[in-house]
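**Student:** Sequence first, then the predicted structure:
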Amino acid sequence: MIQFNLLPDVKLDYIKAKRIKRFVILISITIAGALLAIMVLLFLAVNVFQKGHLDDLNVDIKKYSTELKSTQDLSKILTIQNQLNKLNKHDNTPGLHDKKPVASRLFPYLSQMLPDKLSIANLDVDFEVQTMSFTGGADSLSTINKFVDTLKFTTYKIDKEPNEIKAFSSVVLTNFGRDDAAATYQIDLKFDLLIFDSSKEISILVPKIITTRSETEKPVDLFQSTGSEQINKQVNE
């Protein structure tokens, strides 16, 4: 069977273009409908759902604010809590407790530095201005002078660092006395506050000038009364 195409080429092109036009219109309507649906959803989310959520949050805020305001001594509780947070912080920054000098390190330090024949009657430590003042007695002025030299040349190391740092400065033999039995002294000095830092491991390095209590088999007490005086240890933090 033989078929003849009697439609001219122009007619065929017109039908093809019309078919493409219908397809494009259908796609455009579909996209426009999808965009309209998205816009409606966004409008509902902003003006209905989000607004309702904000209203619920405002109700909760008013409710809990009323409960807090009704709490007795609320301002005192918040003040105490704030002070506790400053004392012990939970982040990487240290609290006030961590910054407090470790005064208990003083006595091991003294046991390494004091000669066997020297005693302390009074010790005054001020961590604010970083000063110490010793008064006491010894068997001779020579022992006192060696103790002063020991303080001048004592150093310390931080953790495992190789560098040595002077522990004491401005070491001065402020007053001294001598009688037939013994000698008395007063020594004033400034100390490096890092030797009492709780966040660091400190090693005190004492020069080999005298035989200290830590090197004596039977060391005597660090603090002794002078004459009829009672031992008076003052640590001013």
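**Tutor:** Looks like it arrived, so ask away.
**Student:** ok, and for the longest helix seen in the chain, which residues are buried?
**Tutor:** Across the chain, the longest stretch assigned as helix under DSSP state H is helix 9-44. Across helix 9-44, burial judged by 16 or more other Cβ atoms under 10 Å covers no residue at all. For the C-beta atoms, the positions are set from N, CA and C on the backbone; glycine is no exception.
**Student:** could you check the angle helix 9-44 makes with the next helix-or-strand element following it?
**Tutor:** Sequence order places helix 50-69 as the next helix or strand after helix 9-44, per DSSP states H and E. Interaxial angle, helix 50-69 versus helix 9-44 (axes from the mean of the first three to the mean of the last three Cα atoms, to 10 degrees): 10 degrees.
**Student:** Need the CA coordinates for helix 50-69. CSV is fine.
**Tutor:** Taking C-alpha atoms only, helix 50-69 is exported to CSV below (Å, rounded to 0.1, in the frame of the first residue of the first chain):
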residue,chain,number,x,y,z
GLN,A,50,6.7,30.5,64.1
LYS,A,51,4.4,33.0,65.6
GLY,A,52,2.7,30.4,67.6
HIS,A,53,6.0,29.0,68.8
LEU,A,54,7.1,32.5,69.9
ASP,A,55,3.9,33.0,71.7
ASP,A,56,4.5,29.8,73.6
LEU,A,57,8.0,30.8,74.5
ASN,A,58,6.8,34.2,75.8
VAL,A,59,4.2,32.4,77.9
ASP,A,60,7.0,30.2,79.4
ILE,A,61,9.3,33.2,80.0
LYS,A,62,6.6,35.0,81.9
LYS,A,63,5.8,31.9,83.8
TYR,A,64,9.4,31.1,84.9
SER,A,65,10.1,34.8,85.5
THR,A,66,7.2,34.9,87.9
GLU,A,67,8.5,31.8,89.7
LEU,A,68,12.0,33.3,90.0
LYS,A,69,10.7,36.6,91.3
